[in-house]
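*Asks:* below: sequence and its predicted model.
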Amino acid sequence: MERWGDKISCNFTRSSRDCIFRTTTIITLVWQRLIAALALAIGTALLIILTSVQSSAILAASPSSSSLRRPTVHFVNAPLTSPLKPHPLPPTLTKWQDSTNSSDYFSQVTPTQVGYLVWSQFPVRVYIESPQAVNSKQAEQWLNTVLQAVQEWSVYLPLAIVEQPKDADITIVRKTPPLQTSPNSKIPRARSAQTTYELYVSKNNLLFHRFTILLSPSQTGQYLLAATRHELGHTLGIWGHSSLPTDALYFSQVRNSPPISPRDVNTLKRVYEQPTSLGWSVSY
């Protein structure tokens, strides 16, 4: 995240050539120091500007968990303000009734500096990028598995598949997530998936967000389905983890991955009852 100063002198008892040489050398030295001072001043000004920009950035907090699939911190340059207000509950969640009388894990969901990460316009648009470097059969299996997870969550929130990434609210890509170093270890560890988001302001001055999910190519079959289901839960608003392995948002991957549980949906419903800046007008 020098001082300078010289006295220019010339000894006239020596030859004029020697005098000119000494004068030229000293003047050159002075100019070098002046240029160095100017560079230092410019560098300091740039540092101040960069520090100011970073201090106005919005930080998307990540859930505290040792999971290899946890969402990651993401900085967005968005020096703006927006009111925190709830949106009407989506009809799909309004109709939701938990016949099992299960609890929820809403206390584990982390609000961000823009409030809870809820969607206010439906359907939420999902783009699934066709996998590269695999044969057509493998690509088809991968796409079908990811699509199954999208369809499972569509029961609780309206989702729609789009053909172009520019139209997407959520983009899903078959790509190895970057290595992650846990707080208690300096050894980088691989992750099966990663979810990040960014904020942007629409043409009509509303604050919105969009997500990117990276799914490791090593994930296949039921493990891929579980990872996609888990990460989609984050993108739909559950920015945290469950402590029970019977929930899709359990903090770690398990051998027998569970489907979306009543606790997952109860938590999602409570999230959508909370205030947010997303979907509301912003001011600068």
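*Replies:* All right, it came through fine. Numbering: from 1, shown residues only.
*Asks:* now do stretch 188-204: distance from first to last residue.
*Replies:* Stretch 188-204 has an end-to-end distance of 42 Å (criterion: CA to CA, to the nearest Å).
*Asks:* let me fix that: stretch 100-118
*Replies:* Note: stretch 100-118 ends 25 Å apart using CA to CA.
*Asks:* ok, and for it, which residues are buried?
*Replies:* 102, 104-106, 108-112, 114-118 (16 or more other CB atoms under 10 Å). C-beta: built from backbone N, CA, C; applies to glycine.
*Asks:* by mean pLDDT, flag the weakest helix or strand of this protein.
*Replies:* Lowest on mean pLDDT, DSSP states H and E among the helices and strands of the chain sits strand 58-60, with a mean of 36.
*Asks:* relative to Y127, how far out is A160?
*Replies:* 10 Å (CB to CB, to the nearest Å).
*Asks:* and those two? Which one has more around it.
*Replies:* Y127 (18 against 14; other CB atoms under 10 Å).
*Asks:* spit out the contact partners of the closest residue to the more buried one other than its chain neighbours.
*Replies:* Excluding the flanking residues, the one nearest Y127 by CB to CB, 6 or more residues apart in numbering is A168, at 3.5 Å. Contacts here follow CB atoms under 8 Å, 6 or more residues apart in numbering; on that basis A168 touches 125-127, 162, 210.
*Asks:* ok, S130 next?
*Replies:* Counting by CB under 8 Å, 6+ apart, S130 touches 139, 143.
*Asks:* so for it, what's the pLDDT?
*Replies:* Per-residue confidence at S130 stands at 96 (pLDDT).
*Asks:* with the one 4 residues further on instead?
*Replies:* According to the model's per-residue confidence, V134 sits at a pLDDT of 93.
*Asks:* next, give phi and psi for the residue nearest to Y127.
*Replies:* Here is the backbone geometry of A168 (degrees, to the nearest 10): phi -90, psi 150.
*Asks:* for it, give its distance to R125.
*Replies:* 5 Å.
*Asks:* give the intersection of the neighbour lists for those two.
*Replies:* Residues within reach of A168 and of R125 at once, by CB under 8 Å, 6+ apart, are V162.
*Asks:* helices of the stretch 51-200 of the chain, start to end?
*Replies:* Assigned helices in the stretch 51-200 of the chain, in chain order: 91-94, 136-154 (criterion: DSSP state H, counting those that start in this stretch).
*Asks:* tell me the mean pLDDT over the first one?
*Replies:* Here the mean pLDDT over helix 91-94 is 97, rounded to a whole number.
*Asks:* just checking, what packs against that helix?
*Replies:* Counting contacts by 3 or more CB pairs under 8 Å, 6 or more residues apart in numbering; DSSP states H and E, helix 91-94 packs against helix 262-271.
*Asks:* for the helix it packs on, buried residues please.
*Replies:* 262-271.
*Asks:* before we move on, back to that, ChimeraX command for the buried members of the contacts of A168?
*Replies:* Only the buried entries of these go into this ChimeraX selection, using 16+ other CB under 10 Å:
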select :125,126,127,162,210
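*Asks:* and the gap between the closest residue to E163 other than its chain neighbours and A133?
*Replies:* Of all residues not flanking E163 in the chain, Y127 sits nearest, at 7.6 Å (CB to CB, 6+ apart). Plainly put, Y127 is 19 Å away from A133 if you go by CB to CB.
*Asks:* all strands for this protein, in order.
*Replies:* In the chain, the strands defined using DSSP state E lie at 58-60, 74-76, 124-128, 159-161, 170-174, 180-181, 188-189, 193-201, 207-215.
*Asks:* out of those, nearest to A139?
*Replies:* Of all those, strand 170-174 sits nearest to A139, with 8.7 Å by CB to CB.
*Asks:* ok, and what's touching that closest one?
*Replies:* 124-129, 131-132, 142, 146, 165, 210-215, 217, 228, 231-232, 235.
*Asks:* partners of it in the sheet?
*Replies:* Under the criterion DSSP bridges, strand 170-174 sits next to strand 124-128 (parallel), strand 207-215 (parallel) in its sheet.
*Asks:* in a markdown table, list those along with distance to H241.
*Replies:* Below are the strands paired with strand 170-174 laid out as a markdown table (distance: least, CB to CB, whole Å):
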| stretch | distance to H241 |
| --- | --- |
| strand 124-128 | 21 |
| strand 207-215 | 16 |
